[in-house]
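1. please find the sequence and the predicted model below.
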Amino acid sequence: MNPLQETIQTAGARIMEYLAEHKTASSWKLKINIRLSSSVLYMALGALYAQGKINLEADELNYNVSLAQSQPQAQPSAPEQPAA
């Protein structure tokens, strides 16, 4: 893994930790609180979005970022028993 990939991966992990604690944040708040450059922030957000880990919603110049809601998997139903 090259240094840029490591930087993006580390930024993504820090974003996920922040969101786990705060549930939602603007991209600006993430940039300031985690102390990321804009380019690394947006590359990390793009990677997390592509992996389905976060939701993004445009809000003028910023994005609102939240953790993606995992879809519960349907439980298979038990086969019906014939009436006796």
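-> Nice, thanks for sending it over.

2. list the contacts for the spatially most central residue of the chain?
-> The C-alpha lying nearest the average C-alpha coordinate of the chain belongs to residue 54 (Cα atoms, centre = their mean; 2.5 Å). Applying Cβ atoms under 8 Å, 6 or more residues apart in numbering, we find residue 54 in contact with 15, 16, 19, 45, 48, 65, 66, 67, 68. Using the backbone N, CA and C atoms, a C-beta is placed for each residue, glycine as well.

3. which ones are touching the last one?
-> Contact criterion Cβ under 8 Å, 6+ apart gives 52, 53, 54, 55 as the residues in contact with residue 68.

4. which residue packs closest to the second one, ignoring adjacent ones?
-> Right, residue 53. Closest residue to residue 53 apart from its sequence neighbours, by Cβ to Cβ, 6 or more residues apart in numbering: residue 68 at 5.6 Å.

5. distance of that neighbour from residue 8?
-> According to Cβ to Cβ, to the nearest Å, residue 68 stands 18 Å off from residue 8.

6. repeat for residue 22
-> 21 Å.

7. among the two, which residue is more densely surrounded?
-> residue 8 (23 against 14; other Cβ atoms under 10 Å).
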